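Student: Have a look at this fold, sequence not included:
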């Protein structure tokens with residue numbers, strides 16, 4: 001005798017009222033439901049695969065929103081799993097209704113259970129939501145398992161009744177008030193490890209890139225939701241409390257940065273968004289979903305994930321209990337992202353209730369629109385000229401020993417070069433009090449408070465570098481030319497020595513030394529403009545990024561010369 005068709009609410013209530021000695025057959029049911037969420041199939045500790053689906057029907061509607069019931073399916077073969085899409089209709093035959101008690105306490109929760117093996121009678125059919133006006137009689141399942149009879153008047157009625165709900169679920173999701181769903185901006189540093197069960201964290205994000213360069217140990221997903229990660233102290237490292245045993249001991253936490261250009265082993269979206277944090281999701285090799293990784297550019301929902309902080313960088317940890325499902329962005333996502341772009345809101349944290357007090361500089365180039373450092377790097381790669389106006393934080397500086405800041409050969413230009421962080425140039429190796437003042441100001445710029453740190457409004461100008469191979473080739477050509485020039489100079493010098501009765505060696509230098517000294521320290525009788533022009537010509541072949549502060553606060557440029565061709569310039573402002 002076939003199992004009668006029930007609604008989810010009726011089946012749950014009927015089984016809940018059964019006596020404890022009731023058998024397996026009494027707990028079986030036959031239901032039609034709409035797929036609200038579907039995880040990817042994952043491996044169990046044994047040989048089986050497992051998949052979790054969240055289901056609902058009209059009988060589970062309530063004033064606070066739809067109530068879902070979980071379906072857990074085990075099976076030996078991944079391809080047999082009911083891998084459904086949101087909004088699909090699933091028909092379950094001989095599915096078991098059971099109850100489990102949450103660890104946090106409270107009433108027992110219902111759960112549907114099925115096992116994909118031939119001795120078990122469990123089977124399913126999957127249908128796509130119908131187009132408006134389509135006849136229910138024409139509906140055919142796109143996937144089945146352990147089903148011998150398809151269709152019938154009852155199935156047609158059930159499908160027709162569920163199609164409106166299925167179409168609504170398949171549409172873009174509305175904002176949710178779920179206490180578990182977090183934006184990237186909402187995440188904070190994990191608390192100290194404890195024995196208490198931590199709260200669950202779910203995220204709805206887009207996959208920007210997948211890094212498989214070290215896939216023998218881990219895979220890293222970079223995800224994005226158009227919000228900015230909370231600024232944290234650069235030296236903050238905290239391990240997650242949710243995984244503190246075997247999985248944690250096997251990991252080696254380190255910072256992960258999103259590549260902005262094509263890198264072998266990293267799959268990146270064709271066009272990166274200009275703003276919003278790209279947060280790394282760490283998947284240890286044993287925790288990668290058995291059904292594979294999501295597609296780059298797709299929207300996914302991460303469920304039951306943990307948090308990790310490594311040197312001030314927040315990271316998401318995908319553990320053995322974590323799940324990943326396909327999803328769509330919320331209905332208000334497009335409007336939110338468009339507003340950020342139109343308002344030049346390149347960083348959310350300085351503007352959250354304390355914009356004026358958190359930004360310690362003012363930029364005179366207010367004619368420029370704010371951009372992000374990601375955009376600066378992208379435009380620098382395209383050799384677009386600056387300057388660019390950026391809201392940024394100080395996260396580090398070199399050299400770490402401030403007394404070494406005066407050990408550089410420097411070319412100081414303009415009014416910005418007269419003071420460094422509001423202090424006049426001085427010999428830091430001889431004046432400890434100046435070192436202390438400089439350290440205090442750097443610490444103030446590096447500070448992170450409850451509003452999200454201290455920010456600077458500056459204008460920076462990139463100077464574009466040649467590729468490494470071209471730099472090496474030019475260095476080799478320059479060394480070759482220098483050797484030939486030295487040989488010619490040596491021959492000429494020998495001829496002069498033989499021709500002159502009293503040769504003078506005073507002030508003689510190698511050609512390279514003359515050029516290097518002229519570049520770093522122009523002669524007093526040589527006009528300053530000519531010296532600067534000569535310096536620019538010598539450095540034209542190759543240089544690194546140059547940053548200049550064009551704000552009302554003063555700053556300085558430090559140029560370090562090596563072999564006449566390489567130049568590093570650091571710019572600080574306060």
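Tutor: Good, I have the coordinates. For clarity, every value in this text was computed on a predicted model and none was experimentally measured.

Student: my read is residue 441 is in a helix, agree?
Tutor: Yes. Per DSSP: H, G, I helix; E, B strand; the rest coil, residue 441 lies within a helix segment.

Student: residues near it, how many?
Tutor: 17 (other C-beta atoms under 10 Å). Backbone N, C-alpha and C define where each C-beta goes, glycine included.

Student: What of the one 3 residues further on?
Tutor: Counted with other C-beta under 10 Å, the neighbours of residue 444 add up to 13.

Student: now it, nearest residue through space, not along the chain?
Tutor: residue 454 (6.6 Å; C-beta to C-beta, 6 or more residues apart in numbering).

Student: try residue 122
Tutor: Distance criterion C-beta to C-beta, 6+ apart; nearest residue to residue 122, sequence neighbours excluded, is residue 114 at 3.9 Å.

Student: Just the buried positions in stretch 313-331, please.
Tutor: Neighbour counts using 16 or more other C-beta atoms under 10 Å place 313-319, 322-330 of stretch 313-331 among the buried residues.

Student: Now do the strands in the stretch 1-150 of the chain.
Tutor: Secondary structure of the stretch 1-150 of the chain (DSSP state E, counting those that start in this stretch): strands located at 5-6, 28-38, 42-43, 49-56, 69-75, 89-100, 109-115, 123-127, 143-145.

Student: From residue 112, how far out is the residue nearest to residue 185 when sequence neighbours are not counted?
Tutor: Excluding its sequence neighbours, the residue lying closest to residue 185 (C-beta to C-beta, 6+ apart) is residue 227, at 3.7 Å. Computed as C-beta to C-beta, to the nearest Å, the residue 227 to residue 112 distance reads 35 Å.

Student: And for residue 302?
Tutor: Residue 302 is 23 Å from residue 112, by C-beta to C-beta.

Student: Likewise for residue 8?
Tutor: Applying C-beta to C-beta, the value for residue 8 to residue 112 is 8 Å.

Student: swap in residue 59?
Tutor: For residue 59 relative to residue 112 (C-beta to C-beta), the value is 14 Å.

Student: about what we covered before: which of the three states applies to the residue nearest to residue 185?
Tutor: The three-state label given to residue 227 by three-state DSSP is coil.

Student: check contacts around it.
Tutor: Residues in contact with residue 227, defined by C-beta atoms under 8 Å, 6 or more residues apart in numbering, are 183, 184, 185, 186, 276, 277, 348.

Student: hang on, isn't the first one packed against residue 228?
Tutor: If I follow you right, that is residue 183. No. With contact defined as C-beta atoms under 8 Å, residue 183 does not count as touching residue 228 (9.6 Å).

Student: Surely residue 142 is in contact with residue 126?
Tutor: Yes. Here residue 142 reaches residue 126: they are 5.8 Å apart, a contact under C-beta under 8 Å.

Student: Comparing residue 183 and residue 228, which shows the higher neighbour count?
Tutor: Per other C-beta under 10 Å, whichever of residue 183 and residue 228 has more neighbours is residue 228, with 22 against 16.

Student: Could you check how far the more buried one is from residue 388?
Tutor: Remark: distance between residue 228 and residue 388 (C-beta to C-beta) = 18 Å.

Student: Likewise for residue 363?
Tutor: For residue 363, the distance to residue 388 equals 11 Å [C-beta to C-beta].

Student: Now do the shared contacts for the two.
Tutor: Shared contacts of residue 363 and residue 388 (C-beta under 8 Å, 6+ apart): residue 459.

Student: How about residues contacting stretch 108-117?
Tutor: Stretch 108-117 has contacts (C-beta under 8 Å, 6+ apart) with 12, 15-16, 31, 55, 69-77, 80-81, 92, 94-102, 120, 122, 124, 145-146.

Student: make that stretch 279-290, sorry
Tutor: Contact with stretch 279-290 is made by 40-43, 49, 78, 184, 187, 205, 215-224, 229, 247, 250-251, 256, 258, 302, 305, 308, 313-320, 322, 324, as judged by C-beta under 8 Å, 6+ apart.

Student: Show me the helices in this protein, by range?
Tutor: Taking DSSP state H as the test, the helices found in the chain are 8-16, 153-170, 246-250, 333-342, 355-358, 373-381, 432-446, 468-499, 511-520, 528-539.

Student: I'd like to know which of those has the weakest mean confidence.
Tutor: Among the helices of the chain, helix 511-520 carries the lowest mean pLDDT, at a mean of 38.

Student: Number of residues surrounding the spatially closest residue to residue 260 that is not a sequence neighbour?
Tutor: Spatial nearest neighbour of residue 260, excluding adjacent residues (C-beta to C-beta, 6+ apart): residue 377 at 5.2 Å. Here the number of neighbours of residue 377 (other C-beta under 10 Å) works out to 15.

Student: Pull up the per-residue confidence for residue 203.
Tutor: If you check residue 203, the pLDDT there is 90.

Student: whoops, I mixed them up, residue 227
Tutor: Reported pLDDT for residue 227: 94.

Student: Likewise for residue 104?
Tutor: Per-residue pLDDT puts residue 104 at 45.

Student: ditto for the one 3 residues further on
Tutor: On the pLDDT scale, residue 107 is placed at 67.

Student: which non-adjacent residue is nearest residue 32?
Tutor: Once flanking residues are discounted, residue 32 sits nearest to residue 158: 4.2 Å by C-beta to C-beta, 6+ apart.

Student: ok, for residue 359, nearest residue in space, not its chain neighbours?
Tutor: Residue 359 sits nearest to residue 455 (C-beta to C-beta, 6+ apart), 4.8 Å away.

Student: make that residue 381, sorry
Tutor: Take residue 381 and drop its neighbours on the chain: the residue closest to it by C-beta to C-beta, 6+ apart is residue 261, 6.4 Å away.

Student: Break down the stretch 151-300 of the chain into its strands, ranges please.
Tutor: Here the stretch 151-300 of the chain has its strands, by DSSP E, counting those that start in this stretch, at 203-211, 218-224, 266-268, 279-284, 299-303.

Student: With mean neighbour count as added columns, please give those in a markdown table.
Tutor: Output for the strands of the stretch 151-300 of the chain, formatted as a markdown table (neighbours: other C-beta atoms under 10 Å):
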| stretch | mean neighbour count |
| --- | --- |
| strand 203-211 | 22 |
| strand 218-224 | 22 |
| strand 266-268 | 17 |
| strand 279-284 | 22 |
| strand 299-303 | 21 |
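
Student: Give me the neighbour count for the nearest residue to residue 462 once chain neighbours are set aside.
Tutor: In space, residue 462 comes closest to residue 380 once its chain neighbours are excluded; the distance is 4.2 Å by C-beta to C-beta, 6+ apart. By the criterion of other C-beta under 10 Å, residue 380 has 20 neighbours.

Student: same deal with the one 10 residues further on?
Tutor: Here the neighbour count serves as a burial measure; for residue 390 (other C-beta under 10 Å) it reads 23.

Student: got it, and residue 55?
Tutor: Residue 55 has 23 neighbouring residues, counting by other C-beta under 10 Å.

Student: Just to check, it is in contact with residue 8?
Tutor: Yes. With contact defined as C-beta under 8 Å, residue 55 and residue 8 form a contacting pair (6.9 Å).

Student: what's the overlap in contacts for the two?
Tutor: With C-beta under 8 Å, 6+ apart as the test, residue 55 and residue 8 both reach 33, 69.

Student: what about residue 4, distance to residue 227?
Tutor: Distance of residue 4 to residue 227, computed by C-beta to C-beta: 48 Å.

Student: same question, residue 331
Tutor: Shown here: residue 331 relative to residue 227, a distance of 16 Å by C-beta to C-beta.

Student: same deal with residue 405?
Tutor: Going from residue 405 to residue 227 by C-beta to C-beta gives 37 Å.

Student: In space, what's closest to residue 445 - neighbours in sequence excluded?
Tutor: Residue 445's closest residue in space is residue 394 (C-beta to C-beta, 6+ apart), at 4.2 Å.

Student: you'd agree residue 293 is up against residue 210?
Tutor: Yes. Taking C-beta under 8 Å as the definition, residue 293 is a contact partner of residue 210 at 5.8 Å.
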